[in-house]
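[1] Starting from these lines, generate the structure:
(2 chains)
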Amino acid sequence: MGKKRIIAETGAGQHGVATATVCARFGLKCIIYMGAEDIKRQSLNVFRMKLLGAEVKVVNSGTATLKDATSEAIRDWVSNVETTHYILGSVAGPHPFPKIVRDFHAVIGEETKKQCFEAFGSLPDILLACVGGGSNAMGLFHPFVKETSVRLIGVEAAGSGVDTDKHAATITKGSIGILHGSMSLLLQDDNGQVQEAHSISAGLDYPGVGPEHSHLKDIGRAEYGSVTDQEALDALRLVCELEGIIPALETSHAFAWLDKLCPTLEKDTHIVINCSGRGDKDVNTVASSLNI
Amino acid sequence: MKDNKVQITKNKSLSKVDEKFCELKNNKKLALMPFIMAGDPNIEITSEILLKLQENGADLIELGIPYSDPLADGPVIQVAASRALKSGTSPRKVIKLLESLKGRLNIPIILFSYLNPLLCFGFEKFCEIASNAGVSGLIVPDLPLEEAYKFSKIVSNHSMDLILLVAPTTPFERMKQISNHTKGFTYLVSVTGVTGERNKMENRVENLIAKLKDVNRNPIAVGFGISTPEHVNKVREWGADGVIIGSAFVKRISSSSKKDVVDYVGEFCKEMRLAADQKE
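    Model (predicted):
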């Protein structure tokens, strides 16, 4: 393409760090759009992006989170499309971004399949992943969509609860709408205005969801549930204690679902959880929420 | 020749926008099309501004319906949309406003809205009430050509025009298709990017106008970034049929007190009318 300038949006900062790393490797100019609110709560990743040479642009419009960072990145892209390539971070946005991102993330599912055969000689029974825009989940699910014996479960952020106005459970509570150039489920009011999402985790704090997730829900291929901020925090703590790792707050939503899922399962069911991010970036948020 | 023209303007299949452009072409005038955001700062003032723009030389008016996530807009119109939403503006209220102006506001009104609020309302139902309120056309900036065909049919069935946009980066083949499927006029976006004032017009706009003229005889209106008499002159010299001025109007609305906003915006409209009518 010959483009020398790369832009991306980021919520939790994971995609921003990944993009900044690639740009550092190939000597490309890198601009990352990030909401002011997320810059505050994900400062470690902001620091990592800057260290890698990226410019982090603060987005103050709207709710100053992932939705607005995405809008700003799209505005930059239409303004500078002749010199700039946009690396969108989720399976959202205008066609063909949902497909591009899904196909790249599908390495997660391919690797999972391979390791499952190595570890227990068969397909897994259940795949579990958190869903904001839904890229990690889609990457995990994609190679298994035709393997109908495998249950696919996505877990959304219920924030303070799906019956409050503070959540990001788009598939659970949304209706059909258009955001960022794709038609999918969307948190919106009666006039079609996009509503504020809320989640303790920056990466799930998005009022839309990738269109293919809405499709998988629609055809009944995947199931979607949601867990609250508090349930995610409890799961994070438990995983730290039991496994000795700090999962990201996003990932902790997937872990938290085990609490509801496992009592319904037979013994020896094989579940794969996509441990999509590490929680070092979240320690400040977690510390203040858990009063540590 | 003269008779011929009269015949064209009286043709029943012409829309209100077509008729307006015919009339302007016959008078060798450049169409002046201000854009304002409905409900900014409130719906009552919008009503007064619309009448003032008509009085001070606007040929058509593009009226924005506010949306929470206006991807094609720069900061000035983004903030205007937030103000309008805060003042309680909804698609239904915009239509009610236009209904209340029936008989007084006679120039063609074109509604500018992102697709989601219209889908949420019910696209067909919206077209029906908009048409009844006297609306002449619709611009939906986030509706791609592939999706536009079916929507255009619905809009036409309600005696309005769905106006499609061409950008400087649109490949020629696609530009042809857009130009052949737009109704009323072709909206030529003069820059790559979002709405908002720019210091100068990009020279490649001249070439784009020429290319569009090669495709068919649709009127061409140029918008995005136009804010000064010099810009208006350039657009006319390059052979366009109309000019759309948005952020420059919206900025004046936001920067004046509620008391004198109508006159202030009216003066700016007069100034732009003079520029549009200036002879080389």
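
[2] C-alpha only now, for contacts and for neighbours.
    Will do.

[3] Where does the stretch 101-250 of chain A get nearest to chain B, which residue?
    Of all residues in the stretch 101-250 of chain A, A:Gly192 sits closest to chain B, at 4.3 Å by CA to the nearest CA.

[4] Could you pull out the strands in chain B for me?
    Using DSSP state E, the strands of chain B run over residues B:31-37, B:61-64, B:109-112, B:137-139, B:161-163, B:165-166, B:186-189, B:220-223, B:242-245.

[5] Relative to B:Glu44, tell me which of these wins on proximity.
    B:Glu44 lies closest to strand B:31-37 among the strands of chain B, at 12.3 Å (CA to CA).

[6] Pull up the pairing partners for that closest one, direction included.
    Paired with strand B:31-37 in the same sheet, following DSSP bridges, are strand B:61-64 (parallel), strand B:242-245 (parallel).

[7] what residues does the stretch 1-150 of chain A put near chain B?
    A:Ser71, A:Glu72, A:Ile74, A:Arg75, A:Asp76, A:Trp77, A:Val78, A:Ser79, A:Asn80, A:Val81 (CA under 8 Å from any CA of the partner chain).

[8] and whichever residue of the stretch 1-150 of chain B sits closest to chain A, what pLDDT?
    Closest approach between the stretch 1-150 of chain B and chain A, counting by CA to the nearest CA: B:Pro117, at 4.3 Å. pLDDT, B:Pro117: 98.

[9] returning to what we had before: can you lay out the strands of chain B as JSON lines showing distance to B:Cys22?
    As requested, the strands of chain B are arranged in JSON lines below (distance: least, CA to CA, whole Å):
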{"stretch": "strand B:31-37", "distance to B:Cys22": "10"}
{"stretch": "strand B:61-64", "distance to B:Cys22": "17"}
{"stretch": "strand B:109-112", "distance to B:Cys22": "16"}
{"stretch": "strand B:137-139", "distance to B:Cys22": "16"}
{"stretch": "strand B:161-163", "distance to B:Cys22": "15"}
{"stretch": "strand B:165-166", "distance to B:Cys22": "20"}
{"stretch": "strand B:186-189", "distance to B:Cys22": "14"}
{"stretch": "strand B:220-223", "distance to B:Cys22": "12"}
{"stretch": "strand B:242-245", "distance to B:Cys22": "12"}
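
[10] pLDDT below threshold where in the stretch 151-280 of chain B?
    Low-confidence segments of the stretch 151-280 of chain B, defined by pLDDT under 70, are located at B:280.

[11] which bits of it sit near chain A?
    Residues of the stretch 151-280 of chain B lying near chain A (CA under 8 Å from any CA): B:Val191, B:Thr192, B:Gly193, B:Val194.

[12] which one of these is nearest B:Cys22?
    Nearest to B:Cys22 out of those is B:Val191 (CA to CA; 26.8 Å).

[13] Reformat the residues of the stretch 151-280 of chain B next to chain A as JSON lines; add neighbour count.
    What follows is these, written out as JSON lines (neighbours: other CA atoms under 10 Å in any protein chain shown):
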{"residue": "B:Val191", "neighbour count": "22"}
{"residue": "B:Thr192", "neighbour count": "20"}
{"residue": "B:Gly193", "neighbour count": "23"}
{"residue": "B:Val194", "neighbour count": "22"}
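
[14] Among the residues you listed, which one sits closest to B:His158?
    For those, the nearest to B:His158 is B:Val194 (29.7 Å; CA to CA).

[15] next one: phi and psi at the closest one?
    phi -100, psi 170 (degrees, to the nearest 10).

[16] for A:Pro247, same thing?
    A:Pro247 adopts backbone torsions of phi -80, psi 160, taken as degrees, to the nearest 10.

[17] and A:Ile176, helix, strand or coil?
    Put simply, A:Ile176 is strand when judged by DSSP: H, G, I helix; E, B strand; the rest coil.

[18] Any figure for the gap between the spatially closest residue to it that is not a sequence neighbour and A:Cys30?
    Spatially, and ignoring its direct neighbours in sequence, A:Ile176 is nearest to A:Leu185 (4.5 Å; CA to CA, 6 or more residues apart in numbering or on different chains). Distance from A:Leu185 to A:Cys30, counting by CA to CA, to the nearest Å: 31 Å.

[19] Dump the residues of the stretch 151-280 of chain B next to chain A into a markdown table; add distance to B:Glu128 as well.
    Formatted as a markdown table, those follow (distance: CA to CA, whole Å):
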| residue | distance to B:Glu128 |
| --- | --- |
| B:Val191 | 33 |
| B:Thr192 | 33 |
| B:Gly193 | 32 |
| B:Val194 | 30 |
